[in-house]
Every structure is written in structure tokens, then in C-alpha cells.
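Enquirer: Pasted the sequence and its predicted model underneath.
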There are 2 protein chains.
Amino acid sequence: MDVVLLRWPEESTRRTELSQGARPRLLLVEPGEPPPDCSDPLEDWIRLPADDRDVRARLSALVARSGTERPHLDEDGLLWFRGSWVSLSPVEQALADPLIERFGAVAGRETLRRRAWPEGLPSRNALDVHMVRLRRRIAVLALEVRTVRSRGYLLQAVEPAR
Amino acid sequence: MDVVLLRWPEESTRRTELSQGARPRLLLVEPGEPPPDCSDPLEDWIRLPADDRDVRARLSALVARSGTERPHLDEDGLLWFRGSWVSLSPVEQALADPLIERFGAVAGRETLRRRAWPEGLPSRNALDVHMVRLRRRIAVLALEVRTVRSRGYLLQAVEPAR
DNA sequence: TGCGTCCCTTCACCCGCTCGAAACAAACCC
DNA sequence: GGGTTTGTTTCGAGCGGGTGAAGGGACGCA
């Protein structure tokens, strides 16, 4: 989802419209005008005239905040994230799919099981084993699968070191 | 809680120190320098030289953001705070729930006891033991449970070191 | 001031269960 | 034939929740 650029205060009505739709937006504040009151995390502003790098930095911060950046599985079984990809085996695709849908939230073990083996699990811990393999693969994309005990798994970007 | 003003990029080491303590901070970016990468919601930046009103607007936005932030328990048993999470066991969820409801105020022992074990306490000090465990877990989120003797417990954000 | 009593904290241990990971083998595909 | 994919077994680490027990601080009371 893209960030919308708005002139402030001219386009203030459009701003309220967009805030309804949870669409991230960057307000370009006219020289001399007072800055807006941004309490929405999906909203930011910058004073004109502005350095190009500054605008881009705020845009990408908004994108990151809105969670727009999510991995994506193409029709060839390639898992894309931040411009890189790895190929996944069919089973891994079936597992990755619900994890991507719920990116950042838990996908239940039962859901995953059904998606990969609708006919029933081949063996007791097939799911665990394939999860290990999926983890190894997606590591190079700085993606990780975290376990939420007795609930399921959660796909997320690797937290940058503090 | 006060916002700390930092020069960027000179005081970058201080910046990382403060991010540990979850202290809100505003980076003052020197002319010509590239803007920082702010993923932390408690961090913001502004390009120098800056309009006084602009600085004040960003400061008060930071203050507002740090004050209203309260932890939140999602439907998968994950406790979220400031963009990070830990998973809680069922008993811990039951205890965390009333603590979060009254975030910053005391939740009585009796209330907690009833929420976790409506049928009656399994043993004399089960509540205390589980409280220790809950404390250990939420520490990584910079949350703490303070005891209010003979009244109950209080959940709050860890005060950043001065 | 000394003492006992709550109340709270923490530790160590137990049991049952979940999950991770390695290792091996079969099947499959260029 | 060599790499990849998938299934299977097995072992062990770690978690969740319950219990007992030790210890310490706060408070009331004599």
C-alpha cells in the first residue's frame, strides 16, 4: 500500500477522508503554516521546502510502520521479501501461505496442518520438521518464524539488533 | 516523562543508550547529514535549522505517544508493548488481563485470584509464584509489576534510568 | 525494644507435554 | 547420478503449572 502525499493545510478534508481508510499519509506543510497535530501513527508531516532525502526517509518510515512491507509468494513458488527471494518447495509454500496471510500474528498449528496436508498429517511431527526446514530457508531474507507455544507459529522480520 | 534532545549524528551512542531505557528522544539532524532511521515509535527527528513551532509540535507528539501507550493482549495470547511482544501462558494471561485493564493502578489480589482460578486457589502461594513468572517474562518489554502491600499489584512501564 | 505473625518473594523440584533438530531412507526430478 | 523433496524415527531440551519450603520485611503488641 502506498503512502499518500498531501499539502497542508489545503487538503485537510482529504486528510480526514484518508484517516478513515487507515491509509498512511505524509503532510507537506506550507512555509509559514503551523504544523498539524499528528496523533495517528500512520501519519507524519514535513515542512516545505524539504530535502529530498528527508521526504524519502519519512515515507519509508511510514511504510515500515504501516506494516505494508510484507513478504509475498509469487506464482512460481518464490518467496519475496525486501527485494530478495528464495524458492520454496510445495510443502513449504503451503506452510508459508497462511503465515504470510497472518504476517506478524499467529497462525495456528491446526491451520497449517490442514493447508499442507488436508488428508491428515503423514507423521506425528512432520509439521515441526518442515518448519525447521522453512526456517533455514527464509533466514537469508531476514525473516523468522517464532514459535508461540501450544498456539502456533508467527512469521516476522528479524528484529534489528539493539 | 521528558523528551531528550540529541544532536545527530554526533550523539548516536547516547541515542542507543536511551533506546534501551525506552526514553523518548528527538534527534536534531545537522544540515547536510542524512536523516536517521527511526523505527522506534518513541523516536523522531527534525532537520536543522528548524522552526521553533515545528520542534515543539514534534516534542508534544512524542510526549503524547509515550503517555498513551499501554500494553495490549491480543487474541493469540501475545502481550504487546511498544512494538514488541512476548507470549504468555494461559494462567499468565488471566493475571495480565486485569493488570492491563487497570494499567498504572492497583489490581487487587482477590481480583487476580478470581480471574485466574475462579474455582479456588490450587495452593497457598500459587498466585505469588505465577506473579514471579509473569514478572520475569514481561521484563524484556520494559514492563514491571510493583507490589502494593496488602492491596495488590500494579503494572507499569519501567522508569527509564536517569 | 524485642517478639511473633502476616504477607510476600523466591527458589528448587516434580511431572507431563510440546517442540526442535538430527539422522536416515525413500521417492523424485532434472 | 547427484541434488532435492518428503516422510519417519528418535532423542532431548525446555516450558507450564503445581507444590513445598526457606527467608525477609512490615507491622502490631507487650
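Expert: Nice, thanks for sending it over. Numbers count the residues shown, from 1 in each chain, chains lettered A, B, ... in the order given.
Enquirer: Which neighbouring elements make contact with the helix or strand harbouring residue A:26?
Expert: In this structure, residue A:26 sits in strand A:25-29 according to DSSP states H and E. Contact partners of strand A:25-29 among helices and strands, from 3 or more Cβ pairs under 8 Å, 6 or more residues apart in numbering or on different chains; DSSP states H and E: strand A:4-8, helix A:12-20, strand A:43-47, helix A:52-65. Just so you know, the C-beta spots here come from the backbone N, C-alpha and C atoms, and that holds for glycine as well.
Enquirer: Make sure residue A:129 is indeed in a helix.
Expert: Yes - Residue A:129 forms part of a helix when assessed by DSSP: H, G, I helix; E, B strand; the rest coil.
Enquirer: and it, how many residues sit next to it?
Expert: As a burial measure, residue A:129 scores 12 neighbours (other Cβ atoms under 10 Å in any protein chain shown).
Enquirer: pLDDT wise, what is it at?
Expert: Taken from the predicted model, the pLDDT recorded for residue A:129 is 94.
Enquirer: Provide a list of residues in contact with it.
Expert: Contacts were defined as Cβ atoms under 8 Å, 6 or more residues apart in numbering or on different chains; by that measure residue A:129 touches no other residue.
Enquirer: check contacts around the nearest residue to residue A:47 once chain neighbours are set aside.
Expert: When the adjacent residues along the chain are set aside, residue A:47 lies closest to residue A:29, with 4.9 Å between them (Cβ to Cβ, 6 or more residues apart in numbering or on different chains). Neighbour list for residue A:29: A:8, A:35, A:36, A:45, A:46, A:47, A:48 [criterion: Cβ under 8 Å, 6+ apart].
Enquirer: Now do the residue of chain A most remote from its centre against chain B, distance only.
Expert: When distances are taken from the C-alpha mean of chain A, residue A:32 lies farthest, 36.1 Å away, according to Cα atoms, centre = their mean. Taken as Cβ to the nearest Cβ, to the nearest Å, the spacing of residue A:32 relative to chain B amounts to 9 Å.
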